[in-house]
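[1] structure here, sequence nowhere to be found:
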């Protein structure tokens, strides 16, 4: 499938990438894999990879159709389950706090931060010194970053001449580390540190820290020629090796479960260069997989591909499931069985959500926007391969 001479052969293996990205985050939240948080970077890169060519194709519409088609389809994919979850938690909170009169700080904080979750600005609360960890919404910072990307990226693509988009993306990629270093200095050396989170956390949750992840995804999506000899597996191994070696030289010790990049890219200015290196590795991997140039057998497993398709629900539901099975009567004494229960419950909720709820809104995308999208060459890409996270 070719879009304006940009070769992007979509396949279900990209769904598998989504699942493995989620799995990393899941293991990170269970404190089994300290480097699992890097799965979020894969989601960011994949969003840029999928959406940038789509937006370029949509530029053949007038501005109103361009925006309505993109935002309409995104809203139908993202909003229903997200706001249904917030409504469900809010309803439970009202019953628990105001009817049963049981005080619970987690639910109290949920209502206090509801304006930020409703508006997809939770990451800015997360970046403040007032931030309090909440297992019901803590993971929504990354969804907020995604939504903020959706707000700005279409406008950037629209005003940039198509022939100059790749050059622009290269500039954005180059500025990514500069943005992160500037954010560090703002939090570390100015009076702003009084109301901002500590530097590594601040950098992790603000949107401009990850703009190069989206840009790298878009840049690799628009790359016309690609050498088959360039191995994504080798790049990933090299990235891990660099992380481990630097950690070993600095600390005289290392731990395998950090993957060479401890939580929040702490230490040795990893937050400047580490994100860039990891994003580059993911961009190469996604590109090679999209062209069927990288053979990874587990990506072909139907169960993994299906779990990737419902990864948005998995991401939303897994954190509250961890909370429920870790701090309530639902907790199982056996750690393995408890983890299995958390994962199984997350999958079950996600399947029910996708099959009984989300699918109805996905069908509306084609009902309400089929007419405009059908004018775009190679419409299958836009209809079937939008990000689900």
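    Yep, that arrived. Since this is a predicted model, take the numbers as computed values, not measurements.
[2] what pLDDT does the most centrally placed residue in the chain get?
    Centrality entry for the chain: nearest residue to the mean C-alpha point is residue 43, 3.6 Å, by C-alpha atoms, centre = their mean. What the model reports for residue 43 is a pLDDT of 97.
[3] right, and the helix or strand after the helix or strand it falls within?
    Per DSSP states H and E, residue 43 falls inside helix 39-58. Of the helices and strands lying after helix 39-58 in sequence (DSSP H and E), the nearest is helix 63-94.
[4] run the angle between that following helix and helix 39-58 for me.
    150 degrees (axes from the mean of the first three to the mean of the last three C-alpha atoms, to 10 degrees).
[5] what's helix 63-94 packed up against?
    helix 39-58, helix 105-112, helix 114-118, helix 140-159, helix 311-326, helix 359-373 (3 or more C-beta pairs under 8 Å, 6 or more residues apart in numbering; DSSP states H and E). Every residue, glycine included, has its C-beta placed from N, CA and C.
[6] single out the most deeply packed of these.
    Sort these by mean neighbour count, taking mean count of other C-beta atoms under 10 Å, and helix 39-58 sits at the top with a mean of 25.
[7] run the chain-centre distance for it.
    10 Å (C-alpha atoms, centre = their mean, to the nearest Å).
[8] can you check stretch 283-298 too?
    19 Å.
[9] list the buried residues of it.
    Neighbour counts using 16 or more other C-beta atoms under 10 Å place 283, 284, 285, 286, 287, 288, 289, 290, 293, 294 of stretch 283-298 among the buried residues.
[10] over to residue 196: give its phi and psi.
    phi -110, psi 160 (degrees, to the nearest 10).
[11] before we move on, back to that, which pair of the buried residues of stretch 283-298 spans the longest distance?
    With C-beta to C-beta as the measure, no two of the buried residues of stretch 283-298 lie farther apart than 283 and 293, at 13.8 Å.
[12] closest to residue 97 out of the buried residues of stretch 283-298?
    Closest approach to residue 97 among those (C-beta to C-beta): residue 286, at 43.5 Å.
[13] so which helix or strand takes in the closest one?
    Per DSSP H and E, residue 286 falls inside helix 270-290.
[14] on contacts alone, who are the packing partners of that helix?
    Counting by 3+ C-beta pairs under 8 Å, 6+ apart, the packing neighbours recorded for helix 270-290 are helix 13-29, helix 39-58, helix 165-189, helix 199-205, helix 211-221, helix 232-251.
[15] between the helices and strands packed on helix 63-94, which one is nearest to residue 73?
    Short answer: helix 359-373, nearest of these by C-beta to C-beta, at 4.8 Å.
[16] quick one: mean pLDDT for that closest one?
    Regarding helix 359-373, the rounded mean pLDDT is 78.
[17] gap between the spatially closest residue to residue 208 that is not a sequence neighbour and residue 167?
    For residue 208, ignoring the flanking residues on the chain, the nearest one in space by C-beta to C-beta, 6 or more residues apart in numbering is residue 179 at 4.8 Å. Distance from residue 179 to residue 167, counting by C-beta to C-beta, to the nearest Å: 18 Å.
[18] if you count what's nearby, which of these two comes out ahead?
    Legend: neighbour count by other C-beta atoms under 10 Å for residue 179 and residue 167, higher for residue 179 (19 against 12).
[19] which parts of stretch 218-229 are buried?
    Those would be 218, 219, 220, 221, 222, for stretch 218-229 by 16+ other C-beta under 10 Å.
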